[in-house]
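Engineer: Predicted model follows, preceded by the sequence.
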Amino acid sequence: MRRRAQRSAPTRSVRFPYLKDAHGHYAPIVYLQVWTGNRWLYLQAYVDSGASWSVFHVDVAQLLNVDLRKAKRRYLALGNGSVIPIYLHRVRVRFAGEEFMIPAGFSDALRVGFNLMGRAGVFDRFQMAFNDRTRTLTASRLAARR
(Lines give C-alpha, C1' and ligand atoms only; values in the text may rest on other atoms or scores of the structure.)
Protein backbone atom coordinates (compact mmCIF):
# COMPACT_ATOMS: atom_id res chain seq x y z
CA MET A 1 0.00 0.00 0.00
CA ARG A 2 1.42 3.36 -1.01
CA ARG A 3 1.25 6.12 1.59
CA ARG A 4 1.01 9.68 0.36
CA ALA A 5 3.46 12.33 1.44
CA GLN A 6 2.11 15.17 3.57
CA ARG A 7 2.60 18.69 2.23
CA SER A 8 3.19 21.70 4.48
CA ALA A 9 2.24 24.74 2.37
CA PRO A 10 3.90 27.64 4.23
CA THR A 11 7.41 26.14 4.26
CA ARG A 12 7.16 24.42 0.88
CA SER A 13 8.09 21.17 2.58
CA VAL A 14 6.89 17.66 1.98
CA ARG A 15 7.13 15.01 4.66
CA PHE A 16 7.55 11.39 3.58
CA PRO A 17 6.97 8.54 6.02
CA TYR A 18 9.75 5.96 5.96
CA LEU A 19 8.77 2.76 4.19
CA LYS A 20 9.84 -0.77 5.01
CA ASP A 21 12.70 -2.24 3.00
CA ALA A 22 12.88 -5.87 1.84
CA HIS A 23 14.06 -6.92 5.32
CA GLY A 24 11.18 -5.18 7.10
CA HIS A 25 13.26 -2.27 8.40
CA TYR A 26 12.01 1.30 8.12
CA ALA A 27 14.18 3.40 5.81
CA PRO A 28 14.04 6.74 3.94
CA ILE A 29 12.45 5.16 0.88
CA VAL A 30 10.24 7.48 -1.15
CA TYR A 31 8.06 7.35 -4.22
CA LEU A 32 9.05 9.44 -7.20
CA GLN A 33 7.89 9.50 -10.77
CA VAL A 34 10.03 9.26 -13.90
CA TRP A 35 8.91 10.21 -17.41
CA THR A 36 8.87 7.38 -19.95
CA GLY A 37 8.19 9.60 -22.95
CA ASN A 38 4.43 9.09 -22.86
CA ARG A 39 3.51 8.49 -19.21
CA TRP A 40 4.79 8.84 -15.65
CA LEU A 41 6.15 5.73 -13.96
CA TYR A 42 6.16 5.41 -10.15
CA LEU A 43 9.37 4.11 -8.59
CA GLN A 44 10.59 3.65 -5.06
CA ALA A 45 14.05 4.94 -4.21
CA TYR A 46 16.18 5.00 -1.09
CA VAL A 47 17.21 8.60 -0.41
CA ASP A 48 20.98 8.36 -0.02
CA SER A 49 22.87 11.50 1.00
CA GLY A 50 26.14 9.63 0.43
CA ALA A 51 25.39 8.84 -3.22
CA SER A 52 26.66 11.26 -5.85
CA TRP A 53 24.10 10.17 -8.44
CA SER A 54 20.73 8.52 -8.44
CA VAL A 55 21.10 4.94 -9.61
CA PHE A 56 18.30 2.80 -10.99
CA HIS A 57 18.34 -0.82 -12.04
CA VAL A 58 19.01 -1.34 -15.73
CA ASP A 59 15.44 -2.66 -16.17
CA VAL A 60 14.19 0.86 -15.43
CA ALA A 61 16.20 2.14 -18.43
CA GLN A 62 14.22 -0.21 -20.65
CA LEU A 63 10.92 1.06 -19.21
CA LEU A 64 12.08 4.64 -19.89
CA ASN A 65 13.23 3.81 -23.42
CA VAL A 66 16.77 4.91 -22.55
CA ASP A 67 19.34 3.73 -25.09
CA LEU A 68 22.27 2.83 -22.84
CA ARG A 69 24.60 2.71 -25.85
CA LYS A 70 24.24 6.51 -26.02
CA ALA A 71 24.65 7.04 -22.27
CA LYS A 72 27.93 8.07 -20.62
CA ARG A 73 29.70 5.17 -18.93
CA ARG A 74 31.06 6.03 -15.49
CA TYR A 75 32.31 4.06 -12.53
CA LEU A 76 30.76 4.43 -9.12
CA ALA A 77 32.55 3.58 -5.87
CA LEU A 78 30.31 1.94 -3.30
CA GLY A 79 30.59 2.19 0.47
CA ASN A 80 32.15 -1.27 0.69
CA GLY A 81 35.00 -0.23 -1.63
CA SER A 82 33.80 -2.02 -4.74
CA VAL A 83 33.36 -0.18 -8.04
CA ILE A 84 30.45 -0.73 -10.45
CA PRO A 85 29.80 0.59 -13.95
CA ILE A 86 26.81 2.87 -14.44
CA TYR A 87 25.39 4.47 -17.56
CA LEU A 88 24.48 8.13 -16.99
CA HIS A 89 21.51 9.66 -18.75
CA ARG A 90 19.34 12.68 -17.91
CA VAL A 91 15.78 11.81 -16.92
CA ARG A 92 12.74 13.87 -16.01
CA VAL A 93 11.41 13.22 -12.52
CA ARG A 94 8.61 14.40 -10.26
CA PHE A 95 9.43 14.57 -6.58
CA ALA A 96 7.91 16.51 -3.67
CA GLY A 97 5.57 18.41 -5.98
CA GLU A 98 8.31 19.53 -8.36
CA GLU A 99 9.25 18.39 -11.87
CA PHE A 100 12.89 18.58 -12.98
CA MET A 101 15.75 16.82 -14.77
CA ILE A 102 18.42 14.79 -12.99
CA PRO A 103 21.44 12.81 -14.11
CA ALA A 104 20.65 9.18 -13.33
CA GLY A 105 22.81 6.11 -13.60
CA PHE A 106 21.54 2.74 -14.72
CA SER A 107 23.28 -0.46 -13.71
CA ASP A 108 22.68 -4.16 -13.31
CA ALA A 109 25.61 -4.36 -10.88
CA LEU A 110 23.92 -2.48 -8.03
CA ARG A 111 23.02 -5.38 -5.77
CA VAL A 112 21.29 -3.58 -2.91
CA GLY A 113 17.77 -4.50 -4.03
CA PHE A 114 16.44 -0.97 -4.46
CA ASN A 115 16.92 2.19 -6.50
CA LEU A 116 18.93 5.07 -5.05
CA MET A 117 18.10 8.76 -5.08
CA GLY A 118 21.44 10.55 -4.87
CA ARG A 119 22.53 14.17 -4.51
CA ALA A 120 23.04 15.34 -8.13
CA GLY A 121 20.04 17.30 -9.35
CA VAL A 122 18.05 16.67 -6.15
CA PHE A 123 19.97 17.96 -3.14
CA ASP A 124 20.62 21.31 -4.84
CA ARG A 125 16.82 21.77 -5.03
CA PHE A 126 15.82 20.34 -1.65
CA GLN A 127 17.14 20.35 1.87
CA MET A 128 16.64 16.84 3.21
CA ALA A 129 15.99 16.25 6.91
CA PHE A 130 16.13 12.63 8.06
CA ASN A 131 14.34 11.87 11.33
CA ASP A 132 14.82 8.24 12.29
CA ARG A 133 12.95 8.70 15.57
CA THR A 134 9.70 9.67 13.82
CA ARG A 135 10.60 7.66 10.70
CA THR A 136 10.11 10.64 8.40
CA LEU A 137 12.07 12.41 5.69
CA THR A 138 11.26 16.08 5.13
CA ALA A 139 12.16 17.57 1.75
CA SER A 140 12.15 21.39 1.88
CA ARG A 141 12.31 23.30 -1.39
CA LEU A 142 15.37 25.58 -1.55
CA ALA A 143 15.08 29.07 -2.99
CA ALA A 144 16.04 29.32 -6.65
CA ARG A 145 19.61 30.36 -7.37
CA ARG A 146 20.23 33.84 -8.65
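Structural biologist: Received, thanks. What you see is a predicted model, and the numbers here were worked out from it, not measured in a lab. Residues are numbered from 1 along each chain as shown.

Engineer: Helices along this structure, start to end?
Structural biologist: 58-63 (DSSP state H).

Engineer: Lowest mean pLDDT among the helices and strands, pick that one out for it.
Structural biologist: When each helix and strand of the chain is scored by mean pLDDT, DSSP states H and E, strand 6-8 comes last, with a mean of 48.

Engineer: And for the nearest residue to Val47 once chain neighbours are set aside, the neighbour number?
Structural biologist: Counting by Cβ to Cβ, 6 or more residues apart in numbering, Val47 lies nearest to Pro28, which is 4.4 Å off, once chain neighbours are set aside. (C-beta placed from N, C-alpha, C; glycine too.) Close neighbours of Pro28, defined as other Cβ atoms under 10 Å, add up to 22.

Engineer: How about the one 10 residues further on?
Structural biologist: For Asn38, the number of neighbouring residues by other Cβ under 10 Å comes to 6.

Engineer: And it, its phi and psi?
Structural biologist: The phi and psi values for Asn38, taken as degrees, to the nearest 10, are phi -140, psi -10.
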